[in-house]
Structure formats: structure tokens, C-alpha cells
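>>> model the structure of this input:
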Amino acid sequence: MTLLTEPIFPGLTRSSRTSARLARGTVGALCLSRVVDGAADGTRGQRLLRRVTAGIPAEDSPITHVAQLPARSAEFGEWPRWAEPSVVRALQAGGAPRPWAHQVEAASLAFEGKHVVLSTGTASGKSLAYQLPILTNLMTDERACALYLSPTKALGADQLRSVSSLELPGTRPASFDGDTPMAERDWVRAHARWVFTNPDMLHRGILAGHARWSRFFRRLSYVVVDECHSYRGVFGSHVALLLRRLRRMAEHYGSSPVFVLASATTSNPAEFATVLSGVDCTAVTEDASPRGARTVALWEPPLLKELAGENGAPVRRSAGAEASRILAELVVEGARTLVFVRSRRGAELTALAAGRLLSEVDSSLPRLVAAYRSGYLPEERRALESALLEGRLLGVATTNALELGVDIAGLDAVVVAGYPGTLASFWQQAGRAGRAGDAALVVFVARDDPLDTYLVHHPAAILDKPVEAAVLDPANPYVLGPQLACAAAELPLRNDELPTFGGEAARAVLDSLVADNVLRRRPSGWYWTARDRPQHDVDIRGSGGEQIAVVEADSGRMLGTVDPGSASFAVHPGAVYLHRGESYVVDALDFEAGLALVHAEDPDWNTMPREVVDITVLNTLQRNDYGGVSVCLGEVAVTSQVVGYLRRRHSGQVLDHVALDLPEQALRTRAVWYTISADLLGTGEGVGRAPGSAGLIPARVPGALHAAEHAAIGLLPLFATCDRWDIGGVSTAWHEDTGEATVFVHDGHPGGAGFADRGFAAVFPWLRATREAIVSCECPTGCPSCVQSPKCGNGNDPLDKAGAVAVLETVLGALRQHGVHHGHLDD
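This is a model prediction of the structure:
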């Protein structure tokens, strides 16, 4: 093994770096022979992996798989003849001496007036593909205007900086978002030619007041929808209808803008972009950008034998704890590193833990690490972005607020702590490593979760599986209704416009809006009649209302915000709330006032809410029978309630359960469910065990179904682009609506978001992966990595791991006998 002989981080000796490893305790390990097996080119990514895994015998290694992704050379194109020379010179001076082939192809299609989606990898220069035609248009037509939409403020601010830095006279780019001072907004409306905003501000601030934007709409030539793959589920469905409202408004003022969509690599980008935008899009998918070699390591934290979790289950070292150790090690080595964590709170904890570890090495090191997440105040976000861009921070623990496109080049490593929900997001995050074309390290650290367990033991599912298509449903009546009300409030809806919004589905929703006196039907169309506009009451992110303000009771200082849909989980009374590294405990939560009051406290435990759920079948839409097993898709009514929370030490040790009395939440949505006959369960009245049955005595059935339900919820995100917290479930040994043992998995949004539908369509590979995840887990009787759920209101009791495997094998066997054995993970 060749080791570096000079300190990578100035001012630290090799002995001090080694002492850092020893001071931390076990970091995880990998013997050299396993690291370099199959790859001996000694890239920086491999060296960093050796550094962060040094010191532990191979038999204790957390690494389950290492892959070497080769470098890729660039394929260049020529600057198009139609490009304005001053724009070309500015882009060249900005660091793009020659365009890549895919940039030229996408830019030329857009310049020719064709709607286009560019679907290539991270750091593939998608920005230039739309900047070139738009800036050429702005420079050659002094009346032309353009609109840029991004899903996050951070990305929008970064793209505005990029365009502004070109200093092209007369283009007048400007931001119009929630952080734009009121005094500047009139100037933007009157003078800006390229407006950078987000869907929320387009919905509430631009379309709602379109008369004040008439100049802009009359001259609108281009609309950019950046990172469009992030528009999925309920939010994506809202944005799809929002873009139709935008096109409708542009047509009203006499313009017909070209849509340019930018996406991470994804399946069927043309089909998805067409559904999202409402216009036929041409896809450009051949990525011609260079890419450095990457070392990708899959990392499963070990079980901690000295600790026990809920119901005595083994506890695995948390992904956040592992990620903080890896981050500290990489910062000591001088490696610029991003750690992607699933939650706001997780980002804070990871940064805090890394800072504590670094302080044991050198008191000056903790300042090089910070957390970045949504929910910070605007000035806090901007200060962190600046420090990261300028290199004053080496390590950042972040939520997906930094996943999307912010141009942070030269990163040496990315740590993904927990599967981010989709392969598109995983590769978007992993793509931050080596953005400058250099070799880099990517570490995927598994959470205590069935899906993560499956992925680290089935590397092909994450490394070789095609990126999934995003799921959205613009015809969802719970989305379509509010959007049609907003459209009618902006301009009366005409009958000939209904195909834009879904045709007969839109007509049925309009009839219900008329019946509810929301709209009035006249011969010329549908009209909004109320004084107040509906836009401010329609939350396009699907969170169900205005944000809950988190306020420090003693000082009255607002610390941040939480959406009402997650308030019962995030800021329930007694919850630990973190902000900028400071810990608070919630005193009270008032939904009506939109207020959560907190006080400063730093306990040595964290909190995890628990909920109970009941479900009623309203309408079975599809049903397939397989001889004792049925699989159904339908509409359901779900009643849920957060009933308490666990207090746990950071090690995972459970201290106690605290009861809560919070209001119930009712939801009408869609679900997929399967039923199993008593004979197949082995609980029938006949003598002996039926062939293919699970062989369960009646006492084991509830625990077996409960465990299978938890694991199935955990694995559905592998097949539907959703998060575990986007869905829920119920299992019962006998359900009054089905008359049999039943396992339900339901969407967590009104009307559904397409997740249950995807589960129904992929039921065989979904349940097969669920079984394999349970079997892959090394625990004896069940743990959070396989069958325990973090939000189970029944205290994860009863659970029967072996029974769940038997149930799933029985269901899969019944499906196979009836010819359902297709749908492999790599299909």
C-alpha cells in the first residue's frame, strides 16, 4: 500500500490524525486487500476510503461492497452559429471554453423553438444548455423575457449568481422569491428580463397578481424548469397544473414560451417532462461531460451488542453517528465533504457530533464543519452558502437543500447517510463528489431501515438498476380542485381550455366546485366569485396549510418553521428541536395559532413519535385473485393519531414512552392491500397443513402480518418514488371490509400520489424484495433494520420476523402459481 507522506491538512501531524481515530473509538474498518480488490489504480477516492476505515480487522468491517466507477472523457461540440458572439465570449470567460455535445444539442433545440428536456448527470453543465439560447434571445431582442423556476431558494440564488457574473448588458436578471425585499419587487416587475423564482412564488406572487406582470407575460420567450425530477408526488402534481396555469396566462397576454426542462438522469425523461409541463418535449440524454473516477462504498453500521432497543431488539449504530465519524476523519484529511442526511434534525446532530470529534484533535477544527438545511432564516442560509463556496467550510452536513444543483465544485467526498428515497436523488447527491472531474469517494451509510438493509446487501439494486421515473398524478381531484379554483380566480375558465387541465376529469371537479359554491357556472365559463383570491390558501407542497412557527418562549425569537402535516411528529410537546446546533424542548403546540413554543435545553436523549392508524375500504378499484391470496387497489379512509413518543439515548437505548393527547387526522387516499385466506395461513379448520401454507398457529398471525407490513412500507420506496414517511400501513388478522387477514399500505396524501398504484403494479418484485430484506438482516427476532418501524403506535408489538418471512413466501408462492413471477429489480 502506498501512503501519502505529507499531511493533507496543513498544521496537523500524522500522529495527531491517528490520535483522532483512536479518540473516536471504532470508526469502522476495512483491511487493504478488501478495499483494492479488483481495482489497484490508487485513486484519491480509494486512499480516502482506506483512511476512514483504517484500524479495524476485516471481520468487523462495515463495508458490504466496494465499486470502482471509471472515469469518462469529454465529447465536445462547437459553438452554434446562431449563438450571439458576446454571449459565447462571456461563457468562455466564465469557464466554458468549449461546449459539450449534449449542451449544443439541447441549446439548439430550444433556440429552434422546440420544448426540450435535458436529462444528464450531476455536473454535466445543464445550465449552459439553457443559458446559451436564452441569453442570445435577450441580447438580440430587447423586448424578450425569460422565467427560471427552481425547487429550492439555494439553487435559484446560485443560478442567478451564475448569470449575473457574465455581466451581459441589458439582460437584467433578478430574483423574485420570499427573500426579495418588498422595495425591490416593483423594480423586478417593471424592469427585470430574466426572473429567477420558485413554484411557490409563481403560484402566490406572480400568477395571482398577473395584471402587474403584464409586461413580462407579453414578452415571455422561455421558461426554464430546473431539476424537474424533484417534482414528484403531490408537489409534482401541483407543479404540473401550475405550469399549465402559466402557459394559459402567457397565451392570454399573447406569448408562447419555449419550455426547457433540466433533469438528473431518469427513466423516460420525455414522457415525464411532457406530463409535467403539458407540452410535448424532446429528450436529450447522451451525457458528453467528463467525470472523474469514483470509489463507491456501501456501509452497514454494526449491531451494538452492549445495548438493547425497543422490546429488547438489537441496536445498530446509527447512520448519523457513522456519518459524523466519517465526516470528522475526512475533514482532518483536508477533504472537502458533503454529508447528506435525511432530516433537518439529523443534519444538526451530524454536524454537532463531527465538531465534538474534531475538537479532540484541534480546537480550531470544529469551525470547519456546519449544518445546512431548509428552515433556516434567509440571512443564515446565505452566510452558510457563502462560506461553503469560498472554502471557509470543509465539511457540511445537509438535507437535500444542497442536493439540487448549487455549484459547489471540487468536492473530494460525499457521504449519503440513509437512502434518499429515489435512485435519482442518490446519484444526484453522489454526483457532487468529483464535480471538477477529479477522483472522489462516495460512501452510502445504511440506516436502521429495511430498504437500506436490502440495498447494502444487494448492490446491483443501487449500482446497476435504471433510475426510476418520477410519479405524479395531475388528475388527483384533491390537487386538481384547488388548482382549477386558482385558475378561475386568475382568469375565467373557458370550456375549450378543459383539455389542458385533464378533460373530463377537470369537468367533474369543476361540477363539484360549483356544487360547493366555490365557482359559478355561466355560459362563457367558470368564474371565481369570492372577494379573496384562493392562492394563499392553496399549499402546493401538499403540507396542508400555513407553516407552524417555532418560537422561543422566553425571548419571542422565531427559530424556524415546520409544515403542519409534520408538526405532530416534529414539534409535539416534549419533542427535542434543534436549530443551528442549539437544542430546544417543545413546551406546547397550538395548531389553531400556528405556533410551537420551545425552551432551550440540551438533554442527553432524543424523541421519536408513535402513531396509531385505522383504515376503512371505500372502493375497490382493482382486484386480482391468486387462489387464497388477493391483491387489491382502492380508495380508503385513514384515521391516524400521534399517541406518544419514545425518549431514546443517542445510542438507541430506549428510556421510556410518554403518552400524548393530540388531535386525530383524517385522510381519504388510495391504498394497495393483500389478503390471505385462513387455509393459506395455516389457521383454517381443516386437518393438517395445506400445501404452500405459512403454517402459522393463530397466535402468531398478528405479529407475522405486522412485521410484513412494516417491512413492506420500508421497501416500497424502491419501486415508487416516495419516502417511507409519504406512506403508511395497517395490518390485521381479520378486517371487517375484507373478511380475511389483510395488510394495507396507503398513500399519505389526500387522494393519493400514485405510490399505492405503483406498489400494486409491482407487487411481486416489491414483496420479493421485502422478504429478502428481512432475511438479509442478521438479527435473530427483528430490529429496526428489518421489521421494526420508527413510528409504530403499537410499540412494535407484536412482531414475528420468522412469521413475516413465512407469510411473504406464501403470498409469493401463490402469485408464482398463477404466473406472476415477472418484474425483476433490473427490468
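>>> averaged over its residues, which helix or strand of the chain has the lowest pLDDT?
helix 32-36 (a mean of 29; mean pLDDT, DSSP states H and E).
>>> quick one: low-confidence ranges for the stretch 51-200 of the chain?
56 (pLDDT under 70).
>>> how many other residues sit next to the spatially closest residue to Arg72 that is not a sequence neighbour?
Excluding its sequence neighbours, the residue lying closest to Arg72 (C-beta to C-beta, 6 or more residues apart in numbering) is Arg291, at 4.3 Å. In short, each C-beta sits where N, CA and C put it, glycine included. By the criterion of other C-beta atoms under 10 Å, Arg291 has 22 neighbours.
>>> so what's Arg291 scoring on pLDDT?
We have a pLDDT of 86 for Arg291.
>>> would you confirm that it contacts Ala71?
Yes: Arg291 lies in contact with Ala71 (C-beta atoms under 8 Å); the separation is 6.2 Å.
>>> sorry, back to before: give the contact list for the residue nearest to Arg72.
When contacts are counted by C-beta atoms under 8 Å, 6 or more residues apart in numbering, Arg291 touches 71-72, 121, 123, 434, 437.
>>> cutoff 10 Å now
Residues counted as contacts of Arg291 (C-beta atoms under 10 Å, 6 or more residues apart in numbering) are 69-74, 121-124, 431, 434-435, 437-438, 440.
>>> then Leu705?
676, 681, 696, 730-733, 741-743, 798-800, 803-804, 807.
>>> from Pro450, how far out is it?
Leu705 sits 15 Å away from Pro450, taking C-beta to C-beta, to the nearest Å as the criterion.
>>> what's the answer for Ile727, then?
Ile727 sits 13 Å away from Pro450, going by C-beta to C-beta.
>>> find residues that contact each of these two.
What both Ile727 and Pro450 touch, as defined by C-beta under 10 Å, 6+ apart, is the set 712-714, 716.
>>> buried only: go through those for me.
712-714, 716 (16 or more other C-beta atoms under 10 Å).
>>> list only buried entries from the contacts of Leu705.
Judged by 16+ other C-beta under 10 Å, buried ones among these: 676, 681, 696, 730-733, 741-743, 798-800, 803-804, 807.
>>> all strands for the stretch 151-300 of the chain, in order.
For the stretch 151-300 of the chain, the strands defined by DSSP state E, counting those that start in this stretch occupy 173-175, 194-197, 220-225, 258-263, 282-284, 294-299.
>>> could I get these as a markdown table with distance to Arg316 and mean neighbour count?
Listed next are those as a markdown table, based on distance: least, C-beta to C-beta, whole Å; neighbours: other C-beta atoms under 10 Å:
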| stretch | distance to Arg316 | mean neighbour count |
| --- | --- | --- |
| strand 173-175 | 44 | 22 |
| strand 194-197 | 43 | 26 |
| strand 220-225 | 40 | 24 |
| strand 258-263 | 35 | 27 |
| strand 282-284 | 41 | 21 |
| strand 294-299 | 12 | 25 |
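>>> out of those strands, nearest to Arg392?
Arg392 lies closest to strand 173-175 among those, at 23.6 Å (C-beta to C-beta).
>>> now find how far off-centre the closest one is within its chain.
With C-alpha atoms, centre = their mean, to the nearest Å as the basis, strand 173-175 stands 27 Å off its chain's centre.
>>> equivalent analysis for stretch 594-608, please.
25 Å.
>>> now the end-to-end length of that stretch.
22 Å (C-alpha to C-alpha, to the nearest Å).
>>> tell me the mean pLDDT for that stretch?
Mean pLDDT, stretch 594-608: 90.
>>> same check on stretch 784-803?
pLDDT averaged over stretch 784-803 gives 87.
>>> returning to what we had before: out of the contacts of Leu705, which comes closest to Glu329?
Leu799 (35.9 Å).
>>> that's a strand at the closest one, yeah?
No: counting by DSSP: H, G, I helix; E, B strand; the rest coil, Leu799 is not part of a strand but coil.
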